[in-house]
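> Fold the stuff below for me.
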Amino acid sequence: MANTRSAKKMVRKIETRTAVNTARRSRIRTHIRKVEEAIAAGDKAAATEALKIAQPEIMRGVTKGVTHKNTASRKVSRLSARVKAMA
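This next block holds a predicted model:
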C-alpha cells in the first residue's frame, strides 16, 4: 500500500487515468463493432458511414496513448479493405 503523500496521489491519478483509458478503449471497440455489423448485414452505405466515423476515433486512441499506432493502422486498413470488398 502507498505510504507517502506523493505515492497516494499517484494512486488517485492512476485510477482516474485508467477510467478514462477504459472509456476510450470501449468507444473504439463500439465503433469497430458498428462497422463489422454493417459489413455482416451487407449494407455497404452504412458500412462506409460507420467507417468514416470509426477511423478518426481509432486514430484518436493513438494520440491519447490507448493503442499503438501500428495496431490502429492495421485495424483501419483491414476494416476499409472489408468495406471496399463489398460489391
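> List the contacts of the host helix or strand of residue 55.
In this assignment (DSSP states H and E), residue 55 forms part of helix 44-63. Applying CB atoms under 8 Å, 6 or more residues apart in numbering, the contact partners of helix 44-63 are 24-25, 27-28, 31-32, 34-35, 38-39, 67-69, 72, 75-76, 79-80, 82-83, 86-87. To be clear about C-beta, it is placed using only N, CA and C from the backbone, and glycine gets the same treatment.
> Could I have the ChimeraX command that selects the buried members from those?
Buried residues within the contacts of helix 44-63, by 16 or more other CB atoms under 10 Å, are selected in ChimeraX with:
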select :24,27,28,31,32,34,35,38,39,67,72,75,76,79,80,83
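> Just the pLDDT for the most centrally placed residue in the chain.
The centroid of the chain falls nearest to residue 28 when counting by CA atoms, centre = their mean (2.4 Å). Note on residue 28: pLDDT of 97.
> before we move on, what about residue 60?
Predicted confidence (pLDDT) for residue 60: 96.
> ditto for residue 2
Among the per-residue scores, residue 2 shows a pLDDT of 78.
> Residue 81 too?
With respect to pLDDT, residue 81 has a value of 97.
> ok so, going back, measure the spatially closest residue to the residue nearest to the centre of the chain that is not a sequence neighbour to residue 13 for me?
Of all residues not flanking residue 28 in the chain, residue 61 sits nearest, at 5.0 Å (CB to CB, 6 or more residues apart in numbering). Distance of residue 61 to residue 13, computed by CB to CB, to the nearest Å: 20 Å.
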